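Enquirer: Show me how the following folds:
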Amino acid sequence: MLQLSAVGQHYGDHPVLDDVTLTVPAGQLLCVVGPSGCGKSTLLRTIAGLLPAREGTITIDGAPVNGVPDSLAVVFQDYGRSLFPWLTVRDNVALPLRRRGLARAERRAEADHILDRVGLSGAARRHPWQLSGGMQQRVAIARALVCRPALLLMDEPFGSLDAQTREDLEDLLLEVHRTDGTTIVFVTHDIDESVYVGDRVVVLSAGPGSGIVLDLPVPLPGRRDQITTRGLPEFVALRAEVGRAVRGQGVRDRGRSDSGAQDSDSRVQGT
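Expert: Numbering: from 1, shown residues only. All right, here's what the predicted structure looks like:
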């Protein structure tokens, strides 16, 4: 449902993205990782229509992206600045529904339903500044989900949270994805996180002019667990492959490294 064809992006004369071609089928959770400064957030903003692509085309359900599509929602990393502090949690979540012309009672009912799903049913009348960082990000996620978007874009949404809260929100994301079947593009700098939540991981090369250097399916069980899944040999192998790509080590380098390890093992056994 999302198609990028030879997409390029520049800031002035500085190339950021180059020839990014990507197809994301409906219902897939795609993770995008790469070195710092490679253009992950720029790619997400370009998909969202917040930045017009300098080269190439982007389509969502066959329609070209010219501006921000109504079928799309974005969750940013800086949840504190994306919520309105003078509105209650319920009113923050219900805000996007005003564009649909729903009556106030309907907006409140929809907001309460989504807040219950993200575990914030008791916080509807509070204000964002009265909540913890993890709870504020749950509000931001609820606001993105309330319109039932066809495409959800998430820009390092858990990057500034503590480890336990981050794991809780990763599991919340997987539950939402499993229940709603929403197509999700999830940008993260955390390699483990990309493998844990993703159906597929795409790695961008280091800039300038980043492109895709690895497109990796994640054949892990659909229902995942923070302890069990991360301990699977398959998880460890996938994490290592993504890590090598992020650090600029391709298949050729990996093969050389593996053969070197085997030579070392042989020498040890020979002694």
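
Enquirer: close enough to count as contact, R166 and F158?
Expert: Yes: using CB atoms under 8 Å, R166 is in contact with F158, at 4.5 Å. The way it works is simple: take the backbone N, C-alpha and C, and place the C-beta from them, glycine included.

Enquirer: where's R126, which helix or strand?
Expert: Using DSSP states H and E, R126 maps to neither a helix nor a strand.

Enquirer: Can you find the helix or strand in this structure with the smallest mean pLDDT?
Expert: Lowest by mean pLDDT, DSSP states H and E among the helices and strands of the chain is helix 251-270, with a mean of 38.

Enquirer: how near is R117 to H10?
Expert: When distance is defined by CB to CB, to the nearest Å, R117 is 40 Å away from H10.

Enquirer: Compare the two (neighbour count), which wins?
Expert: R117 (19 against 16; other CB atoms under 10 Å).

Enquirer: I'd assumed R138 was in contact with the more buried one.
Expert: No: at 9.7 Å, R117 does not count as touching R138 under the criterion of CB under 8 Å.

Enquirer: Please report the number of neighbouring residues for D162.
Expert: Under the neighbour criterion other CB under 10 Å, D162 is assigned a count of 12.

Enquirer: In contact with it, which residues?
Expert: Each residue near D162 by CB atoms under 8 Å, 6 or more residues apart in numbering is listed here: G134.

Enquirer: let's have the chain start at 889 instead
Expert: Shifting the count to begin at 889 puts that one at D1050.

Enquirer: and the gap between it and P973?
Expert: 22 Å.

Enquirer: again, but for D907
Expert: According to CB to CB, D907 and P973 sit 42 Å apart.

Enquirer: Which of those two has more residues huddled nearby?
Expert: Just comparing D907 and P973: by other CB under 10 Å the higher neighbour count belongs to D907, 15 against 11.

Enquirer: elements contacting the helix or strand encompassing the more buried one?
Expert: Using DSSP H and E, D907 sits in strand 902-912. Here strand 902-912 touches strand 890-899, helix 928-935, strand 943-948, strand 1088-1092, strand 1100-1105, going by 3 or more CB pairs under 8 Å, 6 or more residues apart in numbering; DSSP states H and E.

Enquirer: So for the helix or strand that comes right after it, mean pLDDT?
Expert: With elements assigned by DSSP H and E, the helix or strand that comes after strand 902-912 is strand 917-921. For strand 917-921, the mean per-residue pLDDT is 97.

Enquirer: again, but for stretch 1029-1044
Expert: On average, stretch 1029-1044 scores 93.

Enquirer: Could you look up the SS state of the closest residue to P923 other than its chain neighbours?
Expert: In this structure, P923 finds its nearest non-sequential neighbour in A1094, 4.6 Å apart by CB to CB, 6 or more residues apart in numbering. Under DSSP: H, G, I helix; E, B strand; the rest coil, the three-state class of A1094 is coil.

Enquirer: now Q1052: how far from D1059?
Expert: Counting by CB to CB, the gap from Q1052 to D1059 is 11 Å.

Enquirer: Common neighbours of R1054 and F1046, please.
Expert: With CB under 8 Å, 6+ apart as the test, R1054 and F1046 both reach E1081.

Enquirer: between those two, who's got more neighbours?
Expert: Neighbours per residue (other CB under 10 Å) separate R1054 from F1046, with F1046 holding more: 27 against 18.

Enquirer: Identify the residues contacting that one.
Expert: F1046 makes contact with Q1025, T1053, R1054, L1057, E1058, T1076, E1081, according to CB under 8 Å, 6+ apart.
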